[in-house]
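> Pasting a predicted model and its sequence here:
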Amino acid sequence: FGEPLGPSFELFLKLIFYICKMKKTLFIIGLGAIVACSNPSGENKDTSAVVEKFYGEKIENNNIEEYSSVKAEVENNGTSTAKIQGEILSTCAKKGCWMELKAGKDTLMVRFKDYGFFVPKEGAEGKTAIISGEAFFDTLSVELLQHYAEDAGKSSEEILSITEPEYVVAFTADGVIIQE
């Protein structure tokens with residue numbers, strides 16, 4: 001019993017001690033990560049924020065008017081300077097130079113002031129947009145409607161089926177926010 005252990009056995013014991021120490025360290029790190037990621041208050045916090053992308057003049061996302069009151073002002077005065085919001089139905093697939101916006105029960109043709117800015121050509125459909133500018137009645141000619149249909153990638157049959165002009169509420173936006 002009094003014989004010294006060989007150098008290889010001592011090395012083996014040091015290796016076992018080192019492995020146990022590493023397991024303990026990994027256990028402490030893992031436990032710390034679990035505690036750091038836990039929610040001790042039990043609240044379900046929503047950390048996702050609405051991302052807003054701006055086009056044209058930078059506008060604020062407050063003081064948004066109800067579309068019905070803007071439409072009534074257009075009907076009474078012919079025009080209304082306003083900020084409204086709605087769902088993007090489509091955008092110009094060629095340049096992003098117009099978009100169709102669902103506001104109330106209407107679909108608005110939104111163009112951009114002085115052709116000065118563009119919105120994404122794809123991927124905006126279904127997103128919420130806030131637009132600021134001027135609402136007015138407009139007659140969209142057959143040629144213009146066919147041009148928009150072509151920009152939107154409609155088939156030749158769909159384009160040629162457009163034979164009547166449309167009298168619509170239109171909007172010239174000087175600023176747009178698209179919420180992601």
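Perfect, I can see it now.
> How about the contacts made by the residue nearest the centre of the chain?
For the chain, the residue sitting closest to the mean C-alpha position, by Cα atoms, centre = their mean, is Glu180 at 1.7 Å. Glu180 is in contact with 50-53, 127, counting by Cβ atoms under 8 Å, 6 or more residues apart in numbering. Quick note: C-beta positions are derived from backbone N, CA and C, even for glycine.
> Can you tell me which of these comes closest to Val168?
Nearest to Val168 among the contacts of Glu180 is Lys127, at 21.7 Å by Cβ to Cβ.
> Now do that closest one: how many residues are near it, please.
13 (other Cβ atoms under 10 Å).
> isn't it right up against Gly86?
No - using Cβ atoms under 8 Å, Lys127 makes no contact with Gly86, being 10.2 Å away.
> This structure: helices as residue ranges?
7-37, 67-77, 142-151, 156-160 (DSSP state H).
> mean pLDDT lowest for which of those?
Here the lowest mean pLDDT among the helices of the chain goes to helix 7-37, at a mean of 64.
> Tell me which residues touch Val70, please.
By Cβ under 8 Å, 6+ apart, the neighbours of Val70 are 80, 82, 84, 135.
> Farthest pair within those residues?
Maximum pairwise distance in these, criterion Cβ to Cβ, is 9.4 Å, between Ser80 and Ile84.
> Name the residues contacting each of those two.
Joint contacts of Ser80 and Ile84 (Cβ under 8 Å, 6+ apart) are 70, 135.
> Show me which of the contacts of Glu180 is closest to Gly116.
Checking those against Gly116 with Cβ to Cβ, the nearest one is Lys53 at 16.4 Å.
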